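Undergrad: structural data only, the sequence is not supplied:
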């Protein structure tokens, strides 16, 4: 993961942005961006639980969106799917978070052409939802 990204993640006062389980967001985001696929996949599942657990969208989601967008660009398709699942949840439930994603719609559209069919389909669903 790029050092600049890691430094920006560490600068956030994460205690102001609750999660479902009190996750250490800097560590979780760092693991999500890991080049070690098992670590990144585990973090993807943990991120879902932290931001969307218990049927609710947690405040940390809005703060994570910019970092998740950057991590999406450097991730394996399996991790991208997990991030896109979070984005799809945000698009349906988070008003402020949805607005942030709508601003990134053009950027996200590039993933509709992914070689990974699941990533392409999830992105297409997200883009259509954001335009609705």
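TA: Here it is on my side, so go on. All values reported here derive from a predicted model rather than from experimental measurement.

Undergrad: mind checking how far residue 55 is from residue 37?
TA: Look at residue 55 and residue 37: by C-beta to C-beta, to the nearest Å, they are 29 Å apart. Every C-beta, even on glycine, is put in place using the N, C-alpha and C of the backbone.

Undergrad: and for residue 5?
TA: Distance, residue 5 to residue 37, by C-beta to C-beta: 19 Å.

Undergrad: higher neighbour count, the two?
TA: It is residue 5, of residue 5 and residue 37, that has more neighbours when counted by other C-beta atoms under 10 Å, with 17 against 12.

Undergrad: so what's that one closest to, chain neighbours aside?
TA: residue 70 (5.6 Å; C-beta to C-beta, 6 or more residues apart in numbering).

Undergrad: now swap in residue 26 and tell me
TA: residue 9 (5.1 Å).

Undergrad: now do the helix or strand hosting the one you found: everything it contacts.
TA: Using DSSP states H and E, the element containing residue 9 is helix 3-11. Outside helix 3-11, the residues that touch it by C-beta atoms under 8 Å, 6 or more residues apart in numbering are 25, 26, 29, 30, 33, 67, 70, 71.
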